[in-house]
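# Just need the structure, nothing else, for what follows:
(one chain, ligands or ions: 1)
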Amino acid sequence: MGYSVIDYQIVQDHIAVVTLSRPESLNALNRQMFIELGLVFSEIERDNRIKAVILTGSGSKAFSAGADVSELQRLSAVEARNFALAAYRTQDQICSLPVPTIAALNGYALGGGCELAMCCDLRLASENARLGQPEINLGIIPGGGGTQRLARLVGVSRAKELIFTGKIIPARVAYEWGLVNRVVPLEELMETAIKLAGEIATKSRPVLALAKSAIDRGSDMDLTPALHYEIECFAGCFATEDHHEGIRAFLEKRVPRYTDR
Ligand SMILES: C=CC(=O)SCCNC(=O)CCNC(=O)[C@H](O)C(C)(C)COP(=O)(O)OP(=O)(O)OC[C@H]1O[C@@H](n2cnc3c(N)ncnc32)[C@H](O)[C@@H]1OP(=O)(O)O
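As a prediction, the model looks like this:
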C-alpha cells in the first residue's frame, strides 16, 4: 500500500519500521497522518510474520513536534473532539497490537508526539531528544492521552509540572524520570532499536502477546484481579507449542526454535 506522510518497511523479516514523514513540519501529526497510521497498524496487525514494531520520525531533528498547529487553528470544539477521537482510535490500535512496540525518539517528541511515544511499550531516545507536553503554551491541554499516560509513567507530580508549565525536558532527564528506557547517540539510535527489536523477535510471538496483555490489562485493574489475570496468561502459555520447545531446549542445552504457535 502507498503512503504519503509515513514510510513503512519490514527489516530482518520480523521487524516493522514505521516512520512519520513530514520533515518540513518536524513530523507534525495531521489528519492524514492519523489515517495512514491507522492503515499501517491494521496491516501490521494482520501480518503474523511481525514480532516487533519500531516507530520513529524522519530526519535528525524530531520524532514529532506534536499535532499540526495549523490544523488545530481551524477547529471548533466539536471538530477538536473528533480530532482527539481520531487520535484515540489510532493510539488504541497501537496499544492493542499483540506485538511489542518501540518508539525510537530521534529528536523532539512534543505534545501529540510525546503522546504517541507513550503508546509504545518501550522508548529509546537519542541524546538530542527533548520531550514534553507544551500544549498549555497554545492555550489548550493534552487531548491524546497526555494527562493520563504521562502521569502513569512519571507520577502525578512530575506530569503536572510538565503539563502546567509546558516545560520541555532533555532525554537524560526523561531517562531519570523513567519516561524513556535508554538514551543513545543519534547515529546509534536505529541500530539500537533494531537490535532490541531483533532480540525480542527471537522469542515466541504468542508468549510475547500474553506477557504484554498481562502487564497492560493487569495495570488497569486492582491488584487481586490483576494477579488472577496474570495466572490466566501464565496458563495460556502452556497451551502453546512454543512453551514445549522453550522448556525442551533449556533441558537439551540448546537455543529454542520457536514456531510462534
Ligand atoms: C494538541 C496536541 C498538540 O500536540 S499541540 C502541539 C504541541 N507542540 C508544540 O507546541 C511544538 C511546536 N513547535 C515548536 O515549538 C518548535 O517548532 C520546536 C521547539 C519543536 C522546534 O523549533 P525550531 O526553531 O528548531 O524549528 P521551527 O519552529 O522553525 O520548526 C520548523 C518547521 O516546523 C513547523 N512546525 C513545528 N512544529 C509544528 C507543529 N506542531 N505543527 C505544525 N508545524 C510545526 C514550524 O512551523 C516550521 O515550519 P516553517 O514553515 O519553516 O515555519
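
# so how many other residues sit close to the residue lying closest to residue 29 once chain neighbours are set aside?
Closest residue to residue 29 apart from its sequence neighbours, by Cβ to Cβ, 6 or more residues apart in numbering: residue 112 at 4.7 Å. Where you see a C-beta, it was placed from the backbone N, CA and C, and this is true even at glycine. Look at residue 112: counted by other Cβ atoms under 10 Å, it has 29 neighbours.

# Show the contacting residues for residue 112.
29, 64, 66-67, 87, 142, 144 (Cβ atoms under 8 Å, 6 or more residues apart in numbering).

# neighbour-wise, which of those residues leads?
Top of the contacts of residue 112 by neighbour count (other Cβ under 10 Å): residue 64, with 32 neighbours.

# and it, what are its phi and psi?
Backbone torsions of residue 64, given as degrees, to the nearest 10, read phi -160, psi 130.

# list the contacts for it?
20, 26-29, 57, 108-110, 112-113, 116.

# And for residue 146?
With Cβ under 8 Å, 6+ apart, residue 146 has these contacts: 111, 114-115, 118, 133, 135, 163.

# From the ligand, how far off is it?
Distance, residue 146 to the ligand, using Cβ to the nearest ligand atom, to the nearest Å: 8 Å.

# how far away is that residue from residue 74?
22 Å (Cβ to Cβ, to the nearest Å).

# ok, now residue 68?
10 Å.

# now, which of the contacts of residue 146 lie close to the ligand?
111, 135 (Cβ under 6 Å from any ligand atom).

# Can you flag which of the contacts of residue 146 belong to helices?
Among those, the members falling in helices are 114-115, 118, 163 (criterion: DSSP state H).

# any idea which of those is the one closest to residue 197?
Distances from residue 197 to the ones in helices among the contacts of residue 146, taken as Cβ to Cβ, are shortest for residue 118 (18.4 Å).

# count of residues packed around the closest one?
24.

# One more: the one 10 residues further on?
Each residue near residue 128 was counted by other Cβ under 10 Å, and the total is 18.

# repeat for the one 4 residues further on
Around residue 132 there are 25 other residues, counting by other Cβ under 10 Å.

# Who does it form a beta bridge with?
residue 110, residue 168 (DSSP bridges).

# picking up where we left off before, can you sort out which of the contacts of residue 64 also neighbour the ligand?
Within the contacts of residue 64, those near the ligand by Cβ under 6 Å from any ligand atom are 26, 28, 108, 110, 112.

# What is the burial count for the closest residue in space to the second one that isn't next to it in sequence?
Read that as residue 28. Nearest non-adjacent residue to residue 28, counting by Cβ to Cβ, 6+ apart: residue 68, 4.0 Å away. Applying other Cβ under 10 Å, we find 21 residues neighbouring residue 68.

# Residue 68 and residue 3: what is the separation?
Distance from residue 68 to residue 3, by Cβ to Cβ: 17 Å.

# still on that earlier bit, now the residue nearest to residue 28: phi and psi?
The phi/psi pair for residue 68 (degrees, to the nearest 10) is phi -70, psi 110.

# Identify the residues contacting it.
Applying Cβ under 8 Å, 6+ apart, the residues near residue 68 are 25, 28-30, 33.
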